[in-house]
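>>> The following comprises the amino acid sequence and a computationally predicted model.
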Amino acid sequence: MKSIFSIFKRGLEKTTTKVARTIGSIFTGVKAHSAESFDELEELLIAADFGVPASLRIVGEIRDRYERGAIATNADLARIASETVKDILRQRARAIHTGEPGKPTVILMVGVNGSGKTTTIGKLAARFRADGRRVVLAACDTFRAAAVEQLQLWGERTDSQVVSAKHGADPASVAYDATQAALARNADYLLIDTAGRQHNQKGLMDELAKIRRSIEKVYPGAPHEVWLTVDASLGGNVLNQAREFSKTTGVTGLVLTKLDGTGKGGMVVALHQEFELPTFFIGLGEQPEDLQPFSPEYYADALFGEEAPREE
């Protein structure tokens, strides 16, 4: 069985190649690090979509430690960078908000087209079912037939009930019915899929608000989480998505997808630095086990080529 850290390491390989190995090339053979070396490191981190604030913080910490004589090798430099990233990521970490005792935890998934919402819901269902939890899936993307079919396949694969309706039905009505079904079946989780939408499509954004109201009519206090799925391959461009969705839909957390296919893995740090939003899961490959609970420690160590930490 693959270790969890090995999944992180493999999934972040492209970003690690872009960052960790290039760090070595900047400082290799240099007895004294110059201002130009640190400027080049800043540019590298920004190019890997760490964002300007996080890049300045990481390089500032490295420069400070170097001037105090705490950095003698490239391994020291990578270790300091990893520690700084962990500090940034830990500030937002928290447990998942859950439902009332004996009632389901309702998670509403939102995001732009192609960000991986439906696949992520399926993988979450597989994870929760493997833990012995009862799961209901709600197919509230009623405008894309393939989305309903895809969710139904995940329902069959994970032995989870899927609540759906005919093509073009009111998504809020489906959410209402699914919430009733989850309560009636004593489900542990209700995972709600929604249609992909751009953050500037006011009508579709208003639809999300209607879905939320329908859920709360049946189950006051729900949804307990609203997770924005973010395609990591888009790099820094996702900052605008997170900003606008947070304003209009009450986003409470992030799920980062497609990290394995990009060298822009630093954008996880940029998102954490700019928004007070935790990342709950990250997608590091195609298989269900490649959707992993987010670990600041595994992420930062894999990103900068550190050795595997001790696993339980």
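The structure has been received and is ready for your questions.

>>> so which helix or strand takes in the spatially closest residue to Gly122 that is not a sequence neighbour?
Leaving aside its sequence neighbours, Gly122 sits nearest to Trp154 (Cβ to Cβ, 6 or more residues apart in numbering; 3.2 Å). Heads up, the C-betas are built off the backbone N, CA and C, glycines and all. Per DSSP states H and E: Trp154 is located in helix 145-158.

>>> Relative to the next helix or strand after that helix, what are the paired strands and their orientations?
Where DSSP H and E defines the elements, the next helix or strand beyond helix 145-158 is strand 161-163. Applying DSSP bridges, strand 161-163 is found paired with strand 135-140 (parallel).

>>> mind exporting the partner strand as PDB, just the C-alpha atoms?
Extracted in PDB, the C-alpha atoms of strand 135-140 (Å, rounded to 0.1, in the frame of the first residue of the first chain):
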ATOM      1  CA  VAL A 135     -23.800   8.800   2.200                       C
ATOM      2  CA  VAL A 136     -26.400  10.500   0.000                       C
ATOM      3  CA  LEU A 137     -25.500  12.300  -3.200                       C
ATOM      4  CA  ALA A 138     -27.600  15.100  -4.700                       C
ATOM      5  CA  ALA A 139     -27.400  15.800  -8.400                       C
ATOM      6  CA  CYS A 140     -28.200  19.500  -8.500                       C
END
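
>>> Between helix 145-158 and that strand, find me the angle.
170 degrees (axes from the mean of the first three to the mean of the last three Cα atoms, to 10 degrees).

>>> which residues touch strand 135-140?
Here strand 135-140 makes contact (Cβ atoms under 8 Å, 6 or more residues apart in numbering) with 104, 121, 125, 128-129, 147-148, 151-152, 154-155, 158, 160-165, 171-172, 174-175, 178-179, 181-182, 185, 187-195, 211.

>>> circling back to that earlier point, the residue nearest to Gly122 and Ile121 touch, don't they?
Yes: counting by Cβ atoms under 8 Å, Trp154 touches Ile121, with 7.0 Å between them.

>>> Please enumerate the helices of the stretch 51-200 of the chain.
52-67, 74-90, 117-130, 145-158, 171-184 (DSSP state H, counting those that start in this stretch).

>>> so which of these gets nearest Glu286?
Of all the helices of the stretch 51-200 of the chain, it is helix 117-130 that lies closest to Glu286, at 8.8 Å by Cβ to Cβ.

>>> For the chain, give me the ranges with low pLDDT.
Regions of the chain meeting the criterion pLDDT under 70 cover residues 1-2, 20-21, 24, 27-32, 199-202, 307-312.

>>> Tell me, how many residues neighbour the residue nearest to Gly122?
Trp154: 24 surrounding residues under other Cβ atoms under 10 Å.

>>> quick one: it from Thr120, how far?
10 Å (Cβ to Cβ, to the nearest Å).

>>> what's the overlap in contacts for these two?
Joint contacts of Trp154 and Thr120 (Cβ under 8 Å, 6+ apart) do not exist.

>>> Can you tell me how far Gly236 is from His97?
28 Å.

>>> Give me the more crowded residue out of these two.
It is Gly236, of Gly236 and His97, that has more neighbours when counted by other Cβ under 10 Å, with 18 against 15.

>>> Can you classify that one as helix, strand or coil?
helix (DSSP: H, G, I helix; E, B strand; the rest coil).

>>> Quick one: residues contacting it.
49, 51, 264, 267, 270.

>>> 7 Å instead?
By Cβ atoms under 7 Å, 6 or more residues apart in numbering, the contact set of Gly236 is 49, 51, 267, 270.

>>> Now, these that are in helices?
267, 270 (DSSP state H).

>>> and which of the contacts of Gly236 is nearest to Gly114?
The nearest one, if we look at these relative to Gly114 and count by Cβ to Cβ, is Met267, at 16.3 Å.

>>> I'd like to check which residues are in contact with Ile88.
54, 269, 272-273.

>>> Arrange those residues in CSV, one row each, with distance to Thr257 as further columns.
Below are the contacts of Ile88 laid out as CSV (distance: Cβ to Cβ, whole Å):
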residue, distance to Thr257
Ala54, 20
Val269, 17
His272, 16
Gln273, 20
